[in-house]
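J.: what's the 3D shape of this:
(one chain, ligands or ions: 3)
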Amino acid sequence: MYNAKAYSVASATSPFVSTKIERRDPTEHDVQIEILFCGICHSDLHQARNEWSGMMPTVYPCVPGHEIVGRVTKVGSAVSKFKPGDLAGVGCLVDSDGTCPECKAGFEQFCRNATFTYNAPDKHLGGVTFGGYSDSVVVDQRFVLSVPSNLDLAGTAPLLCAGITTYSPMRHWGVTKGKKVGVVGLGGLGHMGVKFAHAFGAHTVVFTTSASKRDDALRLGADEVVLSRDTNEMAKHAGSFDFILDAVAAEHDINAYIQLLRRDGNITMVGAPEKPLPVSVFGLIMGRRSFSGSLIGGIAETQEMLDFSGQHNIVSDVEVIPIQKLNEAYERLLKSDVKYRFSIDMASLKSE
Ligand SMILES: NC(=O)c1ccc[n+]([C@@H]2O[C@H](COP(=O)([O-])OP(=O)(O)OC[C@H]3O[C@@H](n4cnc5c(N)ncnc54)[C@H](OP(=O)(O)O)[C@@H]3O)[C@@H](O)[C@H]2O)c1
Ligand SMILES: [Zn+2]
Ligand SMILES: [Zn+2]
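T.: Ligands and ions are numbered 1, 2, ... in the order given. All right, here's what the predicted structure looks like:
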């Protein structure tokens, strides 16, 4: 075991403070990574503040962070995929059993024995796993991704969660040229959804509550922007969408979007609000529409998304911050005041 520097919270209402955590020494299958950048996902905030207490109560102290890019510093004797000096990425998963039907089908995120990057039982050290708000991490090579060398690293970190979470459902639901696709909520996930929908050739419409984001949405690749609180603007799109991706982190009216789907259209939730959303069954019955959810993506698909991003030069628009600004960043994230993802420059931890 060795000590790593990190930032943790001690309770749902405590601020982040500088700390030391224990990491395991790399076993033969492990890759040790010096973390260079870690994105701040809204899920980090939900969990740091125990907002998902019903589904996955937070164990404190909690070190969030699952949008990790860094450089390999050490590898175990059985590691073939990586060598010291390589760029590497780690997303929301660090382990799974590898034997169940979900794992065999490449859906490690649905494995009953999956280990999430933070706030999950740590099979090696006991306690819970600690995430990427840290200067290093040790991960089984099966869960370490190769990072394209042409991409900006600060902007690449958010691909490991925001990227795959939007890429995967769009691939699943057949987002391609000729399809009309909506993205609800222009935040960290939403802005990646716009970039991918545009890259897949779909006619892309952004739904936002923030009039000030209109020009950005168009610059990011949207063909149209709708202010979702304007019922007249919404009504113009009734019955016209093949697919809508909803990436909103808070309570909102899902039925207003179901009405916009055409026959057999689908709306997929990736946003994970704290409280249940009331769904009008009639909205679904009329038009055989469907409402579903999606969770990140499997490891092979995450690699596919990174390779696609490398080929199409897709990264997240980031505001790079030192880790000392973490508490301020959380307050701003709650106000949707970030364009469009915070990425922590881990060099700032060196002075702690
Ligand atoms: N399913 C998964 O695998 C997965 C993975 C990662 C994250 N998530 C979840 O996805 C959600 C979004 O994460 P994120 O990191 O993208 O968050 P984020 O950056 O905070 O973006 C959320 C966006 O939702 C919109 N919004 C916020 N409050 C709203 C309200 N009251 N009504 C309507 N719209 C509102 C805002 O967009 P506008 O200003 O444009 O309206 C905001 O930018 C979170 O719940 C997160 O936990 C799920
Ligand atoms: Zn996330
Ligand atoms: Zn499994």
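
J.: what about the closest residue to Leu295 other than its chain neighbours, is that helix, strand or coil?
T.: Closest residue to Leu295 apart from its sequence neighbours, by CB to CB, 6 or more residues apart in numbering: Gln109 at 5.1 Å. C-betas here are computed from N, CA, C, even on glycine. Here Gln109 takes the helix state, with states given by DSSP: H, G, I helix; E, B strand; the rest coil.

J.: where's Gln109 relative to Glu233, distance?
T.: According to CB to CB, to the nearest Å, Gln109 stands 35 Å off from Glu233.

J.: So between those two, which is more surrounded?
T.: Gln109 (24 against 14; other CB atoms under 10 Å).

J.: Could you pull up the contacting residues of that one?
T.: Gln109 makes contact with Cys92, Leu93, Leu295, Ile296, Gly297, Gly298 under the criterion CB atoms under 8 Å, 6 or more residues apart in numbering.

J.: separation between it and Thr58?
T.: 19 Å.

J.: and what of Val320?
T.: 27 Å.

J.: Write out the residues of the stretch 51-200 of the chain neighbouring ligand 3.
T.: Ser96, Asp97, Cys100, Cys103, Cys111 (CB under 5 Å from the ion).

J.: and the fourth one, how many residues sit next to it?
T.: Just to be clear, that refers to Cys103. Neighbours of Cys103 (other CB under 10 Å): 21.

J.: part of a helix, is it?
T.: Yes: according to three-state DSSP, Cys103 belongs to a helix.

J.: Show me what counts as buried in stretch 161-180.
T.: By 16 or more other CB atoms under 10 Å, the buried positions in stretch 161-180 come out as 161-171, 173, 175, 179-180.

J.: From one end of that stretch to the other, what's the distance?
T.: Start-to-end span of stretch 161-180 (CA to CA, to the nearest Å) is 24 Å.

J.: ok now it, how far from the chain's centre?
T.: In this view, stretch 161-180 has its centroid 14 Å away from the chain centroid, taken as CA atoms, centre = their mean, to the nearest Å.

J.: again, but for stretch 341-352
T.: That offset, for stretch 341-352, works out to 19 Å (CA atoms, centre = their mean).

J.: Near ligand 1, which residues of the stretch 151-300 of the chain are found?
T.: Residues of the stretch 151-300 of the chain lying close to ligand 1 by CB under 6 Å from any ligand atom are 161-162, 165, 185-190, 208-210, 213, 247-250, 252, 270-272, 294-296.

J.: so which of these also contact ligand 2?
T.: Near ligand 2, by the rule CB under 5 Å from the ion, you find Cys161 out of those.

J.: Can you tell me which of the residues of the stretch 151-300 of the chain next to ligand 1 are classed as buried?
T.: Applying 16+ other CB under 10 Å to these flags 161-162, 165, 185-190, 208, 210, 213, 247-249, 252, 270-272, 294-296 as buried.

J.: Just the ones of those in helices?
T.: Among these, DSSP state H puts Ala162, Thr165, Gly188, Leu189, Gly190 in helices.

J.: what residues are up against the residue of the stretch 201-350 of the chain found nearest ligand 2?
T.: Nearest to ligand 2, among the residues of the stretch 201-350 of the chain, is Ile296, at 7.4 Å (CB to the ion). Contacts for Ile296 (CB under 8 Å, 6+ apart) come out as Gly91, Cys92, Leu93, Gln109, Cys161, Ile164, Thr165, Ser168, Thr302.

J.: repeat that with 10 Å
T.: By CB atoms under 10 Å, 6 or more residues apart in numbering, the contact set of Ile296 is 43, 66, 91-93, 108-110, 116, 160-168, 270, 302.

J.: pLDDT value on it, please?
T.: The score at Ile296 is 98. That number is its pLDDT.

J.: Kindly report the same for Val315.
T.: Taking Val315 on its own, its pLDDT is 98.

J.: and stretch 67-80, is it in reach of ligand 2?
T.: No: for stretch 67-80, no contact with ligand 2 is found by CB under 5 Å from the ion; the gap never falls below 6.5 Å.

J.: can you tell me which helix in the protein is longest?
T.: Using DSSP H to define each element, the chain has its longest helix at helix 299-312.

J.: Tell me the strands beside whatever helix or strand comes next after that helix, with direction?
T.: Going down the chain from helix 299-312, the next helix or strand is strand 318-322, by DSSP states H and E. Strand 318-322 pairs in its sheet with strand 341-345 (parallel), by DSSP bridges.

J.: Can you confirm whether the partner strand lies near ligand 1?
T.: No: under the criterion of CB under 6 Å from any ligand atom, ligand 1 is not reached by strand 341-345; the shortest gap measures 6.8 Å.

J.: Let me know the average pLDDT across that strand.
T.: Here the average pLDDT along strand 341-345 is 98.

J.: Buried residues in it, which are they?
T.: Arg341, Phe342, Ser343, Ile344, Asp345.

J.: give the contact list for the closest residue to Val315 other than its chain neighbours.
T.: Nearest residue to Val315, sequence neighbours excluded (CB to CB, 6+ apart): Gly155, at 3.1 Å. Shown in contact with Gly155 (CB under 10 Å, 6+ apart): Phe37, Gly39, Val69, Ser309, Ile314, Val315, Ser316, Asp317, Val318, Val320, Arg341, Ser343.

J.: Many thanks, have a good one.
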